[in-house]
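S.K.: 3D model of this:
(one chain, ligands or ions: 3)
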Amino acid sequence: MAIVTTKEMFQKAYDGGYAIGAFNVNNMEIVQGITEAAIEQRAPLILQVSKGARAYAKHVYLMKLIEAAIADAEQTAGFDLPICVHLDHGDSFELCKSCIDGGFSSVMIDASSKPFEENIAITKQVVEYAHDHGVVVEAELGTLAGVEDEVQVSAEDSSYTRPEDVQEFVQRTGCDSLAIAIGTSHGAYKFKPGTKPQLRFDILEEVSKRLPGFPIVLHGSSSVPQEFVEMINANGGNMPGAIGVPEEQLRKAASMAVCKINIDSDLRLAMTASIRKFFNEHPDKFDPREYLKPARAAIKDMVAHKLVDVLGCNGKA
Ligand code: G3H
Ligand code: 13P
Ligand code: ZN
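M.R.: Ligands and ions are numbered 1, 2, ... in the order given. Now for the predicted structure:
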C-alpha cells in the first residue's frame, strides 16, 4: 500500500470512538519498533517527523525507512500497513512545502503562538498548497507548555484553546484537523509532583459541539510510564518528578472527538531506559546492535500497549 492521508483513518476513528497513534520517528530502530507493533496489531499508523528529526536524520533517510517498513510489512506479513507520513510542528510555509514536495501525506502548520489573524493567514496558505497536492493539514489553536525543538513555552505562557474561536478558524482556513490545548504539554515533566493531572474535558466537549464530526488532535500525550523513569534513575539517570498524562484520560479523549494522539517522549524513555540498563549490566559491551536490539524491542512493546490498551486502534487496519 502506498502512503495514505489521514482522511479515512480519522473518519473511521471518529465514528468508532478510538484514536490513531502518531509516533515521532528519528532513526531506523524507532521506525522498526513502531511498525512491528502496528503490523502485529493490525493498526493504522501515523509516523511523524519533526523539523529537528529532519535535521538529524535527513528527509530522504526517514522517507526511505518508512517506505522500507511498508514494503517489509507486505513481504513478511502479507499486510498492507496503512501509514500516514506527517510533518510534526511545521513552523513555516517553506518547511511544509518542502515536506509536501518530498512525499509526506500530511503536514502540521503550527502557528499557534502567533496572533489569531496571522495563524489563519499562514494556515490558509499551507492548506491551499497542500490540498492542491492531495495532502492534508493539521493546524493548532491554543498553546501547549513544554519544549518543541528550539521553542520553549513556559506554563505561564501556555493557554487553553478558546472554544468560541474554533468554528471561525476551521471555516476560514479549511484545515483538515485541529490540535487543541486542554492541559497536555510536551516532554517528560507535564504536571507538578503532588498535583493531580487533569485534562480539561469540558473544553474538548465544547470544541466538538462547535465542530461536529471534525477530528481533534492531542499533542503532548505521553503518559511517562514510571517503570521507565525508575529504570533510568536506577541505572545512572536523573529524572526526578517526571510525570505524564494518565492513560485513562487518554482513553477517554480517544473515545471522544480526539482522533490523533501524539507520542514522542514515551519512545525516548523506553529506548533510553533499555540502553542505560544494558550499559550498566554490560560495561564491557560495545557493539551497537547488542544494545539497540533490546531498545527496539522495548519500543515495540510500549507501542503495542498504546495501540491496544490506550488508543483502541488495534484490528482497525
Ligand atoms: O513536539 C515535539 C516532539 O516531541 C518532537 O520533538 O522537536 O525534539 O524532535 P523534537
Ligand atoms: P510528548 O512529549 O508528550 O510525547 O508529545 C509529543 C508531541 O506532541 C509531538 O508533537
Ligand atoms: Zn506536539
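S.K.: list of residues touching stretch 279-296?
M.R.: For stretch 279-296, contacts defined as C-beta atoms under 8 Å, 6 or more residues apart in numbering pick out 29-30, 32-33, 235-236, 270-271, 274-275, 278. Backbone N, C-alpha and C define where each C-beta goes, glycine included.
S.K.: now, the most widely separated pair of these?
M.R.: Using C-beta to C-beta, the pair of the contacts of stretch 279-296 lying farthest apart is Q32 and G236, separated by 26.0 Å.
S.K.: between those two, which is the more surrounded one?
M.R.: Between Q32 and G236, counted using other C-beta atoms under 10 Å, Q32 has the larger neighbour count: 20 against 10.
S.K.: what about the residue nearest to the more buried one when sequence neighbours are not counted, neighbour count?
M.R.: Leaving aside its chain neighbours, Q32 sits nearest to R296 (5.7 Å; criterion: C-beta to C-beta, 6 or more residues apart in numbering). By other C-beta under 10 Å, 23 other residues sit near R296.
S.K.: in three-state terms, label N262 for me.
M.R.: strand (DSSP: H, G, I helix; E, B strand; the rest coil).
S.K.: what's the separation between K196 and ligand 1?
M.R.: Taking C-beta to the nearest ligand atom, to the nearest Å as the measure, K196 falls 24 Å from ligand 1.
S.K.: helix or strand for the residue nearest to Q32, which one?
M.R.: Using DSSP states H and E, the secondary-structure element containing R296 is helix 288-305.
S.K.: buried residues, that helix. List them.
M.R.: 291-292, 295-300, 302-305 (16 or more other C-beta atoms under 10 Å).
S.K.: mean confidence for that helix?
M.R.: The pLDDT scores in helix 288-305 average 98.
S.K.: one step back: Throw the contacts of stretch 279-296 into TSV and include secondary structure and pLDDT, thanks.
M.R.: Output for these, formatted as TSV (DSSP: H, G, I helix; E, B strand; the rest coil; pLDDT from 0 to 100):
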residue	secondary structure	pLDDT
E29	helix	98
I30	helix	98
Q32	helix	98
G33	helix	98
N235	coil	98
G236	coil	98
A270	helix	98
M271	helix	98
S274	helix	98
I275	helix	98
F278	helix	98
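S.K.: which one of these is nearest ligand 2?
M.R.: Taking C-beta to the nearest ligand atom as the measure, ligand 2 lies nearest A270 of those, at 11.3 Å.
S.K.: what about the closest one, how many residues nearby?
M.R.: Count around A270 with other C-beta under 10 Å applied: 25.
S.K.: next, the contact list for it, please.
M.R.: So A270 contacts 225, 228, 295, 298-299, 301-302 (C-beta under 8 Å, 6+ apart).
S.K.: of all these, which two lie farthest apart?
M.R.: P225 and A295 (15.0 Å).
S.K.: direction included, what does the helix or strand harbouring V107 pair against?
M.R.: Secondary structure from DSSP H and E places V107 in strand 106-109. Applying DSSP bridges, strand 106-109 is found paired with strand 83-90 (parallel), strand 136-141 (parallel).
S.K.: present these as CSV; the columns should include mean neighbour count, distance to ligand 1 and mean pLDDT.
M.R.: Output for these, formatted as CSV (neighbours: other C-beta atoms under 10 Å; distance: least, C-beta to the nearest ligand atom, whole Å; pLDDT from 0 to 100):
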stretch, mean neighbour count, distance to ligand 1, mean pLDDT
strand 83-90, 26, 5, 98
strand 136-141, 26, 11, 98
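S.K.: which of those sits closest to I20?
M.R.: Closest to I20 of these is strand 83-90 (C-beta to C-beta; 8.0 Å).
S.K.: for the chain, what spans make up the helices?
M.R.: With DSSP state H as the criterion, the chain has helices at 7-16, 28-41, 51-57, 59-77, 93-101, 116-132, 163-173, 201-210, 226-234, 247-255, 265-281, 288-305.
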